[in-house]
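Chemist: generate coordinates for the sequence data below:
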Amino acid sequence: MPKEVGNIEVVVAQLMIGNGQYREGAERLESYLRSGGEEKPQYIELLVNGWVQTEDFDRALPWAEKWFNTAKPKARKHYDMMNFLYSHLGMADDQIRLIKDMIDLWPSDKHLWQIW
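Modeler: Here you go, the predicted model:
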């Protein structure tokens with residue numbers, strides 16, 4: 001059954017990422033999503049983490065942006081991941097805008113002020 005096959009594909013991708021086969025797992029999960037699989041927030045987060053672990057930040061960014069933009073509510077981990085990616089990709093303008101938002105949310109965080 002197609003639904004069961006899709007579930008198995010996701011589980012295999014999760015296991016691969018969990019066992020350090022980050023690129024293969026992320027590619028498998030992307031393939032599942034491209035073929036019409038359900039795009040759940042936890043799958044997107046898994047993709048972001050898989051690509052970050054391979055240090056393929058360019059490939060992680062679109063997934064991270066999707067994860068960030070659809071998060072309701074946004075948690076600190078969403079902001080921290082975007083800050084990390086913007087920093088590693090040299091996207092200073094985007095990082096500055098994000099840090100300003102983070103300072104508004106967490107004004108007592110001295111680290112954010114230092115980054116600013």
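
Chemist: what residues of stretch 103-116 count as buried?
Modeler: Buried residues in stretch 103-116, defined by neighbour count with 16 or more other Cβ atoms under 10 Å: residue 112. Every residue, glycine included, has its C-beta placed from N, CA and C.

Chemist: scratch that, stretch 24-44 is what I was asking about
Modeler: Across stretch 24-44, burial judged by 16+ other Cβ under 10 Å covers 24, 25, 26, 27, 28, 29, 30, 32, 33, 37, 43, 44.

Chemist: over to stretch 72-83?
Modeler: Of the residues in stretch 72-83, those buried (16+ other Cβ under 10 Å) are 78, 79, 81, 82, 83.

Chemist: CA atoms of the longest helix along the chain as CSV?
Modeler: Using DSSP state H, we find that the single longest helix of the chain is helix 2-18. The C-alpha trace of helix 2-18 is given here as CSV (Å, rounded to 0.1, in the frame of the first residue of the first chain):
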residue,chain,number,x,y,z
PRO,A,2,1.4,3.5,-0.9
LYS,A,3,0.8,4.9,2.6
GLU,A,4,2.8,2.1,4.2
VAL,A,5,5.6,2.4,1.7
GLY,A,6,5.8,6.1,2.4
ASN,A,7,5.9,5.4,6.2
ILE,A,8,8.7,2.9,5.6
GLU,A,9,10.6,5.4,3.5
VAL,A,10,10.4,8.0,6.3
VAL,A,11,11.5,5.5,9.0
VAL,A,12,14.5,4.4,6.9
ALA,A,13,15.5,8.0,6.4
GLN,A,14,15.2,8.7,10.1
LEU,A,15,17.3,5.6,10.9
MET,A,16,19.9,6.6,8.5
ILE,A,17,20.2,10.1,9.9
GLY,A,18,20.1,8.8,13.4
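
Chemist: helices or strands up against that helix?
Modeler: In terms of contacts (3 or more Cβ pairs under 8 Å, 6 or more residues apart in numbering; DSSP states H and E), helix 2-18 is packed against helix 22-34, helix 41-53.

Chemist: got phi/psi on residue 20?
Modeler: For residue 20, the backbone dihedrals (degrees, to the nearest 10) come out as phi 90, psi 0.

Chemist: confidence score at residue 114?
Modeler: On pLDDT, residue 114 comes in at 88.
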